[in-house]
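>>> below: sequence and its predicted model.
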Amino acid sequence: MADVKLKNQTVLVTGANSGLGKGIALAMAANGANVVVNYISNEPAAFDVVNQINEMGGAAIALKADVSDEAQVQEMFRNAVAHFGTIDILVNNAGLQRDAAFQDMTLEQWNMVIGVNLTGQFLCSREAVREFIKRGPRPDVSKALGKIICISSVHEVIPWGGHANYASSKGGVMQLMKSMAQELGGRKIRVNSIGPGAIRTPINTSAWDTPEALAKLLTLVPYDRIGEPEDIGKAAVWLASDDADYVHGTTLFVDGGMTCYPGFATNG
C-alpha cells in the first residue's frame, strides 16, 4: 500500500458489504486504515470485503449489527474497540429505501427508513464520540480527536416525490451533521457529510441497468456520466485525512453536478 494517509487509524464503515460502503471500506484500507466492516445481511459479502482488504495487506474484521438498534450498535463498538484498540473514523453509510406514493406510504415504511438512515447515524455517531473522548487525542496519527463522515445524498436538498421517507431522512442527516459539528468542533471532532448523486450501486440498479434507463438518468447529471463507488471512496479518504483538517460541518456533494438542477440549463 503506497499511500498511507490513514496509517495506524481504524475506521468503522456501516453497511460496508456492498455498494458505497464497500467502495469506502476498500479505499480506506488502501490508504492504511484498519477497517471494521459492518453488515446486517449477506454475511458472505461482508467477509469477501474483509478478504479483499487482507489480500491488499490491510487488516479488517466483519461485525454484524442493525444500526437502528441501540444495543447492537453498542455491542459492535465494544467488539471493534476490543479488536483494534480504538476507533478513529466513523463512516455512517448504512441506508435503505422503501419507496411509495405519499398517500400509500405505510408507517412501517416511514419508520424503517428513518430508523436506519437517521436514527442509525445518531446511534453510531454517539458511540463514536464517546470513544473519541474516552480515548483522548492521538496527535501522532491525526490532528483531530476523531472524524465522523455521514453519507447523505443530493436529496438532502433536492425534494424527491415518491420517496418522502428517504428525502426526509437525508434532510435530517444534514441537520444532524451540522448540529454535531457545531457542538463537537471545540473538542476537535470533525464532522462532515458526503452527498452522493447517481452512483452505480445495487440500491438503484433499475436506474442504470439498461441503455434507455441510463440515458434518462444522465439527463439529471451535467457531467454526463454515472458515478462509481470509488468516487465516494476517494472523497471519504480525503475527508478523513489531515488534508481536510479545516473542513468541518459541510456536505461535499459528489454528484457530477446534479445539485446544479440541470433542468434549468436552457432557461427551465
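Nice, I can see it.
>>> pretty sure Lys178 contacts Gly249?
Yes - between Lys178 and Gly249 there is a contact under CB atoms under 8 Å: 5.5 Å. (Glycine included, C-beta is placed from N, CA and C.)
>>> got the buried residues for the host helix or strand of Leu176?
Take DSSP states H and E as the rule and Leu176 turns out to sit in helix 164-184. For helix 164-184, a neighbour-count test (16 or more other CB atoms under 10 Å) marks 164-174, 176-178, 180-181, 184 as buried.
>>> convert it to PDB, retaining C-alpha atoms only.
The C-alpha coordinates for helix 164-184 follow below in PDB (Å, rounded to 0.1, in the frame of the first residue of the first chain):
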ATOM      1  CA  ALA A 164     -40.700  11.200   1.100                       C
ATOM      2  CA  ASN A 165     -39.300   9.000   3.800                       C
ATOM      3  CA  TYR A 166     -35.900   8.800   2.100                       C
ATOM      4  CA  ALA A 167     -35.600  12.500   1.400                       C
ATOM      5  CA  SER A 168     -36.800  13.400   4.900                       C
ATOM      6  CA  SER A 169     -34.100  11.100   6.400                       C
ATOM      7  CA  LYS A 170     -31.400  12.700   4.400                       C
ATOM      8  CA  GLY A 171     -32.600  16.200   5.200                       C
ATOM      9  CA  GLY A 172     -32.400  15.100   8.800                       C
ATOM     10  CA  VAL A 173     -28.900  13.800   8.300                       C
ATOM     11  CA  MET A 174     -27.800  17.200   7.100                       C
ATOM     12  CA  GLN A 175     -29.100  18.900  10.300                       C
ATOM     13  CA  LEU A 176     -27.700  16.100  12.500                       C
ATOM     14  CA  MET A 177     -24.300  16.500  10.900                       C
ATOM     15  CA  LYS A 178     -24.300  20.300  11.200                       C
ATOM     16  CA  SER A 179     -25.500  20.200  14.800                       C
ATOM     17  CA  MET A 180     -22.800  17.700  15.800                       C
ATOM     18  CA  ALA A 181     -20.200  19.800  14.000                       C
ATOM     19  CA  GLN A 182     -21.400  22.900  15.800                       C
ATOM     20  CA  GLU A 183     -21.300  21.200  19.200                       C
ATOM     21  CA  LEU A 184     -18.300  19.000  18.900                       C
END
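>>> helices or strands up against it?
If contacts are counted by 3 or more CB pairs under 8 Å, 6 or more residues apart in numbering; DSSP states H and E, helix 164-184 sits against helix 107-114, helix 120-135, strand 146-151, strand 189-196.
>>> Throw the ones you listed into CSV and include distance to Lys7, thanks.
Shown next, in CSV, are the helices and strands packed on helix 164-184 (distance: least, CB to CB, whole Å):
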stretch, distance to Lys7
helix 107-114, 37
helix 120-135, 17
strand 146-151, 14
strand 189-196, 18
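>>> can you list the ones you listed in JSON lines and add mean pLDDT?
As requested, these are exported to JSON lines (pLDDT from 0 to 100):
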{"stretch": "helix 107-114", "mean pLDDT": "98"}
{"stretch": "helix 120-135", "mean pLDDT": "99"}
{"stretch": "strand 146-151", "mean pLDDT": "99"}
{"stretch": "strand 189-196", "mean pLDDT": "98"}
